[in-house]
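Student: no sequence on hand, only this structure:
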C-alpha cells in the first residue's frame, strides 16, 4: 500500500510482484491479498473511520507510511477473519517499528475504537435479529 501511494502501479500489482519475489507461503499471501483488496475496495469507508476515530489526524496530512499502516490495519480488522485482538497487536508493533511510538499509540487507539464499535454493532444487530424473531 505504501508503494502504491506514489501512484506508479496499483497496490494489487505491487503485491503480486512482492509475493513472487519473496516466495510467500500460501496463507500469508492470501492474508496480504485480503488486506490489500479490502483497502482498495473500502478506502473511502476506511478513511472516514480514521477521521471519525482521530479527527486531530486528518488522513491527507498523515505521512504516507502512517496512512498506509492505518489503512491496512483497519482493512484487516474490518474485512478479514483475523481476530481483532491479534490484528491490533500485530499492527501496533508494525507501527512502532516503521513509524515510532506516537504512531504506535495512534494505531492502538484507532483500532481499539473501531474494534469496539464493530463489536457493539454486531451485538446490536444480533439482538435486533433475536428480538425480531420472537415477534
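Tutor: That came in fine, so what should we check first? Worth saying up front: this structure is predicted, and the values here are computed from it rather than measured.
Student: list of residues touching stretch 114-124?
Tutor: Applying C-beta atoms under 8 Å, 6 or more residues apart in numbering, the external contacts of stretch 114-124 come out as 49, 53, 74, 77-78, 84-85, 88. No exception for glycine: its C-beta is placed from N, CA and C like everyone else's.
Student: show me where this structure has helices.
Tutor: Counting by DSSP state H, the chain has helices at residues 11-22, 26-53, 64-79, 84-99, 101-134.
Student: show the contacting residues for residue 18.
Tutor: Residue 18 neighbours (C-beta under 8 Å, 6+ apart): residue 24.
Student: kindly recompute the last result at 10 Å.
Tutor: Neighbour list for residue 18: 3, 24, 29, 32 [criterion: C-beta atoms under 10 Å, 6 or more residues apart in numbering].
Student: selecting buried members of the residues you listed in ChimeraX, what would you type?
Tutor: Here is the ChimeraX selection string for the buried members of those, based on 16 or more other C-beta atoms under 10 Å:
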select :3,29,32
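Student: could you single out the nearest of the contacts of residue 18 to residue 94?
Tutor: residue 32 (13.0 Å; C-beta to C-beta).
Student: ok so, going back, any chance of the helices of the chain in CSV, plus mean pLDDT?
Tutor: As requested, those are exported to CSV (pLDDT from 0 to 100):
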stretch, mean pLDDT
helix 11-22, 88
helix 26-53, 94
helix 64-79, 95
helix 84-99, 95
helix 101-134, 79
